[in-house]
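> Prediction below, plus the sequence it came from.
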Amino acid sequence: MAKTLKLQFNTSEGGSASLTVDAPVEPVNAAAVQQAMDAIIASGVFISTTGSFISVKKASLVDREVTDIL
């Protein structure tokens, strides 16, 4: 099973944008994720097509099963 941590942000032009982290350290610490997302927003490094990241929307741990057939 492949797990990813999906970080979603609200953007300055009213949209949303996301970043995905492959193979996050488990168990996922909600406080650490919040702190990391706040640091990402404060850095101003990321800008999407709907503007810069301005606030946290949500974070999700996504677990999916992949079955190779070939």
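Received it, and whenever you're ready, just let me know what you need.

> Could you list the low-confidence segments of this protein?
Within the chain, the segments meeting pLDDT under 70 span 1.

> Show me the contact partners of the lengthiest strand in it.
In the chain, taking DSSP state E as the definition, the longest strand is strand 51-64. Residues outside strand 51-64 that contact it (Cβ atoms under 8 Å, 6 or more residues apart in numbering) are 1-17, 24, 28, 30, 33-34, 37-38, 40-41, 44, 46-47. Yep, even glycine has a C-beta here, placed from its N, CA and C like the rest.

> Which residues are in contact with A36?
Counting by Cβ under 8 Å, 6+ apart, A36 touches L7.

> re the thing from before, adjacent strands (with direction) for the longest strand of the chain?
When pairing is defined by DSSP bridges, strand 51-64 lines up against strand 2-11 (antiparallel), strand 47-48 (antiparallel).

> chain center to it, what's the gap?
For strand 51-64, the gap between its own C-alpha mean and the chain's C-alpha mean amounts to 4 Å (Cα atoms, centre = their mean, to the nearest Å).

> Kind regards, and thank you for your time.
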